[in-house]
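1. Provided below are the primary sequence and the corresponding predicted coordinates.
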Amino acid sequence: MFIDLPLETTVRRTFAASPDRVFRAWTTASELTQWFCPDPKVPCECRELDPRVGGHYSLTVVGSKGPRTVSGEYLEVTPPSRLVFTWLWDGHPDTKLTTVTLTFERTAEGGCALTLHHARFPDQNMADEHRKGWTALLSTLAGSLGEVA
């Protein structure tokens, strides 16, 4: 019997900033829009951000192919150690609802080791594309936190 296991990707990044600070960058609209677009010339609008269990978020990025909106629901919010939310690109029939889990751990130096786990991709190409995107975004986040990306 063949069982189709969901595809996933994991990206890790260490920041000099504390877990509290990095968690806040994910859960405060004014901070999230500062780093969510890897290209600073691309506008990013936070239409909704309610980081509580059952709360929703919606972010619109305007790129060369027009506006794209990603949205979802917060499933777990445990400051400053864990954030879990659904992820769906709105209006794109080839995308499926996926789940992002972020864990924020204090390093021995007082910084933050962030692990981003994105699961339930329908195909390997989509998992690979999201891995590239998350890697770029975490570099942008490092710059937003005043660190060398």
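-> It's in.
2. On the three-state scheme, the closest residue to R82 other than its chain neighbours is what?
-> Excluding its sequence neighbours, the residue lying closest to R82 (C-beta to C-beta, 6 or more residues apart in numbering) is T103, at 5.5 Å. In this view, the C-beta of every residue, glycine as well, is placed from N, C-alpha and C. Three-state assignment for T103 (DSSP: H, G, I helix; E, B strand; the rest coil): strand.
3. Same check on E8?
-> Under three-state DSSP, E8 falls in the strand class.
4. For it, list each beta-bridge partner.
-> Note on E8: beta-bridge partners A119, judged by DSSP bridges.
5. just checking, it touches P122?
-> No - counting by C-beta atoms under 8 Å, E8 does not reach P122; the two are 11.6 Å apart.
6. Mind listing what's buried along the helix or strand where R21 lies?
-> Under the criterion of DSSP states H and E, R21 resides in helix 19-27. Of all the residues in helix 19-27, those buried under the rule 16 or more other C-beta atoms under 10 Å are P19, R21, V22, F23, R24, A25, W26, T27.
7. Noted, bye for now.
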